[in-house]
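S.K.: what shape does this take:
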Amino acid sequence: MSGSFRELNGIRIFEVPSEGPELRSGKDAVDLMSDASERREALIAIPIARLADAFFDLRTRIAGEIAQKFATYGRRVAIVGDISQKTAASKSLAAFVVESNRGRDLWFVQSLDDLAKRLAGDHTGM
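M.R.: Numbers count the residues shown, from 1 in each chain. A predicted model of the protein is given here:
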């Protein structure tokens, strides 16, 4: 899996391309982390296009499995893209997003610009 590296507010980001296989399991998350770890990124930015629709249906437990893999390996993740229609249709997903965004390990942001703004306000010393 290819990707690109960039810095946002002094934080090294592995930007996953929009094109490519969907993340459907914890194994896919581990594979992604393996690709990203080559350059010691601080955060992985995943576009919503790379997530299977089942990720957003919390009953499938895929979101939890993938999030847990990233947490287990100490990787910070930002899911990038507009999921407002999905959160409007699911109270549990909306709550998951709000709770995730309160922490520092898994964020849901609209764009890379929003991620840069979020990182500028994050003084936790990545």
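S.K.: ok, which stretches of this protein are strands?
M.R.: 4-8, 11-15, 43-47, 76-80, 106-109 (DSSP state E).
S.K.: right, so those strands: which one is the most enclosed?
M.R.: Among the strands of the chain, strand 76-80 has the highest mean neighbour count (mean count of other CB atoms under 10 Å), at a mean of 24. Where C-beta positions appear, they are placed from N, C-alpha and C, glycine not excepted.
S.K.: other residues contacting it?
M.R.: The contact list for strand 76-80 (CB atoms under 8 Å, 6 or more residues apart in numbering) reads 42-48, 51, 67, 70, 104-112, 115, 118, 126.
S.K.: what do you get for stretch 47-62?
M.R.: By CB under 8 Å, 6+ apart, stretch 47-62 touches 16-25, 63-64, 66, 79-83, 86, 90, 92-93, 96.
S.K.: try 6 Å this time
M.R.: With CB atoms under 6 Å, 6 or more residues apart in numbering as the test, stretch 47-62 has contacts from 16, 18, 22, 23, 24, 63, 80, 81, 86, 92, 93.
S.K.: of those, grab the buried ones for ChimeraX.
M.R.: In ChimeraX, this line selects whichever of the contacts of stretch 47-62 come out buried by 16 or more other CB atoms under 10 Å:
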select :16,23,24,63,80,81,86,93
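S.K.: so what strands line up beside the helix or strand of the chain with the lowest mean pLDDT?
M.R.: Here the helix or strand of the chain ranked lowest by mean pLDDT, DSSP states H and E is strand 4-8, holding a mean of 84. Using DSSP bridges, the strands paired with strand 4-8 are strand 11-15 (antiparallel).
S.K.: burial of the closest residue to residue 2 other than its chain neighbours, as a residue count?
M.R.: In space, and not counting its chain neighbours, residue 2 is closest to residue 17: 6.3 Å by CB to CB, 6 or more residues apart in numbering. Residues lying near residue 17 (other CB atoms under 10 Å) number 13.
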